[in-house]
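S.K.: 3D model of this:
(2 chains)
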Amino acid sequence: MRKLGSSYDQLRKVALRNRIKILDMVYSASSGHLGGSFSACDIITYLGECEIDYRAPDRDRFILSKGHSVPALYAELNELGFIDDSELSTFRQVGSRLSGHTNRDKVPETEITTGLLGQGLSYGVGMALAKKLKKSKDTVYVMIGDGETHEGQVWEALMEAGHYKLDNLVLIIDRNGLCSHQLVEKVISIEPLRERLESFGWLVKEINGHSMEEIDSAITSLKAQYGKPKCIIAHTVKGKGVSFMENNGYWHRSIPTEEQYRAARKELLEQMGEE
Amino acid sequence: MLEQYGWSSPKDAVGRTLIDIAKKSDKICVLSSDVSKSVNIFEFGDCFPERYFEMGIAEQSTVSVAGGLAAEGFIPVYVALSIFSCCMTFPQIRQVCNNSLNVKIIGTHAGVDDGADGPGHHATEDLAISRVIPRLTVLCPSDENEVAAAVKAMVDTYGPVYMRVAREEQPVIHGPDCKFEIGKAEMLCDEGDNFAIVFEGSAMRQALEGWEGLRALGKRGKLVNIRSIKPLDEKLILNLADKVDLIVTVENHSIKGGLYSAICEAIANRECRAVIRPVGFHDQFMDAGASSDIKEKYGLNAASIIKQVTDAH
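M.R.: Okay, here's the model as predicted:
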């Protein structure tokens, strides 16, 4: 499915619209994670618009292991008609379907309830094994944060995927360079990340995770390769899209003041060509 | 004592029962974390290689991989020593339950049944940490035939389940046609109201020996196999608490958080006749040694059960 044809400009516009929804959700809830949602937004938008047919019961899967970035997924699911506009303002409230991390029971399209970092890739391994058993051609996508690779379970799953040669599994690492608020490299170094992944039996591509052209090219080319699990190291910017939030660990889970909210919204609207 | 029964290791029923079930259901998968020989599931891999996943010494990932298989409609069964499959995987089991996924986890070598490996391998807290997780069913069948029936019941019921199974030989008191209903305890003997012994499956031998000893002393009571820690058969327990003077819980587990705690919680908010006394392990790490020797040294034995009853009378 490729709803928007190959119009990267249209995809960029949807991603900007999603960023505004993310900002509105977190601001109205006074709770949530802007930085990581913005860094993951372009890839999540691309997957929703171009790859995953959420209306099919058996489908490609997308597991957002860094579940705190779920505003980006809710925004895209709203774009696709699975979440009403009116629901977005209920984010993180009691009684809402829109939990602070993905929740399979409440929003089945989020696929797996995550949030305790480190577990999502293992679910992806299980789903990829299941898809092979069912002789399905579906792909399982999993997104983790770069800081999430500090979790030991990630490396268990990386080893297992390599061992079972799960070529229907695509891992996307949101390499925004920041853990909760400090540089990943300063907290615990994860480099050389690419070489480590390759030594675990993975095919690895590095891209600019905000370029729709590069996202499209990486996913398309990796899908045509077989025999190994695949990883995209997506170099991204935490807080991408709002100048004063970019690359600033303060915005991992800080809530903008009204003035900051207005300034951020104005910037995003300007990028869309709207005032 | 108990010479009228045959004896066998209950865990041996797990692998062959799963093979029987898998012949009829192509949804059953088995996961191992490098202990397939100890827990007798390697034959499953020989029979159904495509549905058998050796995950290596990676218990945490194994539970979550089982979650992924379940999300795609399979019924994954992860079998390992309970210290590995349950005690090392609390956050992963909790996440499976938060996802409402149909994952089955079996922990063999319950309690001190891997005695000689020492306290690092004694699973004397698995009931405590599993029964507090919402949505998780917790089972503790006793002998080989009951374990086989419990494995079938577990697979037939949708939802996450943890089941602990003994390694130490147990008398086979159930027949091969044994029926197992989740949430229902089994009244094995009902001879009077002096006392009741309520035991979890891996402590059955000691419970039966205590029962025989009390009978020899002329005490008349009831003998209950709890079978299911969660859901607990509260109806039977409350009824028991109104009828007998004393309930002695017998468990191959810490007396904190396991069977004793579950039964105390069930009756503590109402007046009843019975006092509840525990037989099990106290809040401590224990010696390495043969499991029967550990049970004897640390008081999981007939003498402790008899003493609890005779002290009360």
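S.K.: C-alpha only now, for contacts and for neighbours.
M.R.: OK.
S.K.: quick one: residues contacting A:Arg175.
M.R.: A:Gly145, A:Asp146, A:Ile233, A:Ala234, A:His235, A:Thr236, A:Val237 (CA atoms under 8 Å, 6 or more residues apart in numbering or on different chains).
S.K.: alpha carbons of the helix or strand where A:Lys186 lies, as CSV, please.
M.R.: Assigned by DSSP states H and E, A:Lys186 belongs to helix A:184-187. Extracted in CSV, the C-alpha atoms of helix A:184-187 (Å, rounded to 0.1, in the frame of the first residue of the first chain):
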residue,chain,number,x,y,z
VAL,A,184,24.1,8.4,25.2
GLU,A,185,27.8,8.3,24.6
LYS,A,186,28.4,10.1,27.9
VAL,A,187,26.0,7.8,29.8
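S.K.: buried stuff in it?
M.R.: Neighbour-count burial for helix A:184-187, counted by 16 or more other CA atoms under 10 Å in any protein chain shown, picks out A:Val184.
S.K.: again, but for stretch A:139-152
M.R.: In terms of neighbour count (16+ other CA under 10 Å), stretch A:139-152 has its buried residues at A:Thr139, A:Val140, A:Tyr141, A:Val142, A:Met143, A:Ile144, A:Gly145, A:Asp146, A:Gly147, A:Glu148, A:Thr149, A:His150.
S.K.: for the residues you listed, give me a markdown table that also has secondary structure.
M.R.: Listed next are the buried residues of stretch A:139-152 as a markdown table, based on DSSP: H, G, I helix; E, B strand; the rest coil:
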| residue | secondary structure |
| --- | --- |
| A:Thr139 | coil |
| A:Val140 | strand |
| A:Tyr141 | strand |
| A:Val142 | strand |
| A:Met143 | strand |
| A:Ile144 | strand |
| A:Gly145 | strand |
| A:Asp146 | coil |
| A:Gly147 | helix |
| A:Glu148 | helix |
| A:Thr149 | helix |
| A:His150 | helix |
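S.K.: now the residue nearest to the spatial centre of chain A: how far from B:Leu236?
M.R.: Nearest to the geometric centre of chain A sits A:Ala40, at 4.3 Å (CA atoms, centre = their mean). As judged by CA to CA, to the nearest Å, A:Ala40 and B:Leu236 stand 54 Å apart.
S.K.: on that earlier part again, which of the contacts of A:Arg175 lies closest to A:Glu258?
M.R.: Set against A:Glu258, the nearest of the contacts of A:Arg175 by CA to CA is A:Val237 (23.4 Å).
S.K.: which residues touch the nearest residue to the closest one once chain neighbours are set aside?
M.R.: Nearest non-adjacent residue to A:Val237, counting by CA to CA, 6 or more residues apart in numbering or on different chains: A:Asn176, 4.9 Å away. When contacts are counted by CA under 8 Å, 6+ apart, A:Asn176 touches A:Gly36, A:Ser39, A:Gly145, A:Asp146, A:Ala234, A:His235, A:Thr236, A:Val237, A:Lys238, A:Asn247.
S.K.: excluding its backbone neighbours, what's nearest the last one?
M.R.: Read that as A:Asn247. That would be A:Lys238: by CA to CA, 6+ apart, it lies 5.1 Å from A:Asn247.
S.K.: quick one: the helices in the stretch 51-200 of chain B?
M.R.: Per DSSP state H, counting those that start in this stretch, the stretch 51-200 of chain B carries helices over the ranges B:59-71, B:82-85, B:90-98, B:126-130, B:144-156.
S.K.: would you list the ones you listed in JSON lines and tack on distance to A:Ser69 and mean pLDDT?
M.R.: Listed next are the helices of the stretch 51-200 of chain B as JSON lines, based on distance: least, CA to CA, whole Å; pLDDT from 0 to 100:
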{"stretch": "helix B:59-71", "distance to A:Ser69": "20", "mean pLDDT": "98"}
{"stretch": "helix B:82-85", "distance to A:Ser69": "30", "mean pLDDT": "98"}
{"stretch": "helix B:90-98", "distance to A:Ser69": "18", "mean pLDDT": "98"}
{"stretch": "helix B:126-130", "distance to A:Ser69": "29", "mean pLDDT": "98"}
{"stretch": "helix B:144-156", "distance to A:Ser69": "35", "mean pLDDT": "98"}
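S.K.: quick one: which of those helices is nearest chain A?
M.R.: helix B:59-71 (4.0 Å; CA to the nearest CA).
S.K.: restrict the closest one to CA atoms and write it as PDB.
M.R.: The C-alpha trace of helix B:59-71 is given here as PDB (Å, rounded to 0.1, in the frame of the first residue of the first chain):
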ATOM      1  CA  GLU B  59      15.300 -16.200  30.000                       C
ATOM      2  CA  GLN B  60      14.100 -12.600  29.800                       C
ATOM      3  CA  SER B  61      14.000 -12.500  26.100                       C
ATOM      4  CA  THR B  62      12.500 -16.000  25.900                       C
ATOM      5  CA  VAL B  63       9.400 -14.800  27.800                       C
ATOM      6  CA  SER B  64       9.000 -11.700  25.600                       C
ATOM      7  CA  VAL B  65       9.600 -13.800  22.400                       C
ATOM      8  CA  ALA B  66       6.800 -16.100  23.700                       C
ATOM      9  CA  GLY B  67       4.700 -12.900  23.900                       C
ATOM     10  CA  GLY B  68       5.400 -12.200  20.300                       C
ATOM     11  CA  LEU B  69       4.400 -15.700  19.200                       C
ATOM     12  CA  ALA B  70       1.200 -15.400  21.300                       C
ATOM     13  CA  ALA B  71       0.300 -12.000  19.700                       C
END
